[in-house]
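Asker: Next one to model:
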Amino acid sequence: QVQLVESGGGLAQPGGSLRLSCAASGFTFSSYAMSWARQAPGKGLEWVSGIYSDGSDTYYADSVKGRFTISRDNAKNTLYLQMNSLKPEDTALYYCAKVSKGGAVYEYDYWGQGTQVTVSS
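Answerer: Model prediction:
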């Protein structure tokens, strides 16, 4: 049974930083690309960033490029998202997502419950 459990969200000031983590279980983590997605209040799901199974390639939405960094530790079955220079528009529920086999980084088949990120002064 696939499980994805996000943590690390919270309240940050504009310009601040947060680091999200996602603990994965129930599948061979090192064999799948993974992504982060977010949903702001009243808006649809937005893909944020993706990473290949071995971490060799990373991808970012234009809205976060240069500010967010995705990484993974396959030995710990954990996905990370380092978020710097946070903006109020980054406020959203952030989801960790497992990419479907052979799919693009925005094609998910499982995701977690999400962790809330609020950026406000």
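Asker: and the helix or strand of the chain with the lowest mean pLDDT, which residues are buried?
Answerer: Of all the helices and strands that make up the chain, the one with the lowest confidence by mean pLDDT, DSSP states H and E is strand 108-111; it has a mean of 93. Residues of strand 108-111 classed as buried under the neighbour-count rule (16 or more other CB atoms under 10 Å) are Tyr108, Tyr110, Trp111. Every residue, glycine included, has its C-beta placed from N, CA and C.
Asker: Also stretch 7-26?
Answerer: Applying a neighbour-count criterion of 16+ other CB under 10 Å, one finds Gly8, Gly9, Ala12, Leu18, Leu20, Ser21, Cys22, Ala23, Ala24 buried in stretch 7-26.
Asker: Look up the residues forming beta bridges with the spatially most central residue of the chain.
Answerer: If you average the C-alpha coordinates of the chain and look for the closest C-alpha using CA atoms, centre = their mean, you land on Trp36, 2.5 Å from that point. Beta-bridge pairing of Trp36 under DSSP bridges involves Ser49, Cys96.
Asker: Next, the contact list for it, please.
Answerer: Counting by CB atoms under 8 Å, 6 or more residues apart in numbering, Trp36 touches 20, 22, 47-50, 70, 79, 81, 94-97.
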